[in-house]
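Colleague: Structure, please.
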Amino acid sequence: MSWIEKYYPFVARSPKKQLDWLVGACRKGALADSEITPYVRLLLANEDPEVRDELAAIMAALPGGDWNHLLRAADLCDLPALLERMPEITSEQALIILRKEPPPYENHPEQEIERLYDTFHARAPEVMEHAAAILLAGDNRPAWFADAYARFVEKLRDKEFLSELYPKAKG
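Modeller: Now for the predicted structure:
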């Protein structure tokens, strides 16, 4: 690695180079997950459709272990964007996602958790339900998880009930 690659700012790199740097930093363990979190947010922040498509194509080729690192490093509010780019979600990744705690500075953590659960359920409902059952049956679940998941399931039941009552209404 040349000195320019080492000291070249993260935001001045191409999306592929940014992702390579992130994955390398995660694999090496040189930085803690909390130190990588802002870089994940920067990677996902680009609004240019061409860059987003390029990033999605690059991320689709990542192996599962690298996805696990990115999921651990990402902030709760960045997880829905990562979920949309994942080719498939494993049980291990589902457990990482469902255990993710809202940051302490979040004013409305319930909304962020609900947004994450909505995205997750839309992508892989069976995987989410299986992982939630594992967490609910075990002792190592976060204290807030049971209530948050119960609220989410209740919301799903309400949507289903309303769609039966009003089948022509848009959800």
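
Colleague: OK, contacts around His121?
Modeller: Contact analysis of His121 by Cβ atoms under 8 Å, 6 or more residues apart in numbering lists 128, 152, 156. C-betas here are computed from N, CA, C, even on glycine.

Colleague: wait, which of these is closest to Ile36?
Modeller: Met128 (24.7 Å; Cβ to Cβ).

Colleague: Find the nearest non-adjacent residue to the closest one, please.
Modeller: Nearest non-adjacent residue to Met128, counting by Cβ to Cβ, 6 or more residues apart in numbering: Phe120, 5.0 Å away.

Colleague: What of Leu156?
Modeller: Counting by Cβ to Cβ, 6+ apart, the nearest residue to Leu156 once its immediate chain neighbours are dropped is His121, at 7.2 Å.

Colleague: And for Leu82?
Modeller: Ala74 (5.6 Å).

Colleague: roughly how far apart are that neighbour and Asp147?
Modeller: Per Cβ to Cβ, to the nearest Å, Ala74 is found 23 Å from Asp147.

Colleague: What of Glu47?
Modeller: Glu47 is 35 Å from Asp147, by Cβ to Cβ.

Colleague: Between these two, which has more neighbouring residues?
Modeller: Asp147 (11 against 6; other Cβ atoms under 10 Å).

Colleague: where does that one land on pLDDT?
Modeller: In this model, Asp147 is scored at 94, pLDDT.

Colleague: Quickly note the distance from it to Leu136.
Modeller: Applying Cβ to Cβ, the value for Asp147 to Leu136 is 11 Å.

Colleague: tell me the contacts of Asp33?
Modeller: With contact set as Cβ under 8 Å, 6+ apart, Asp33 has these partners: 72-73.

Colleague: same question, Glu101
Modeller: Contacts of Glu101 by Cβ under 8 Å, 6+ apart are 76, 142, 144.
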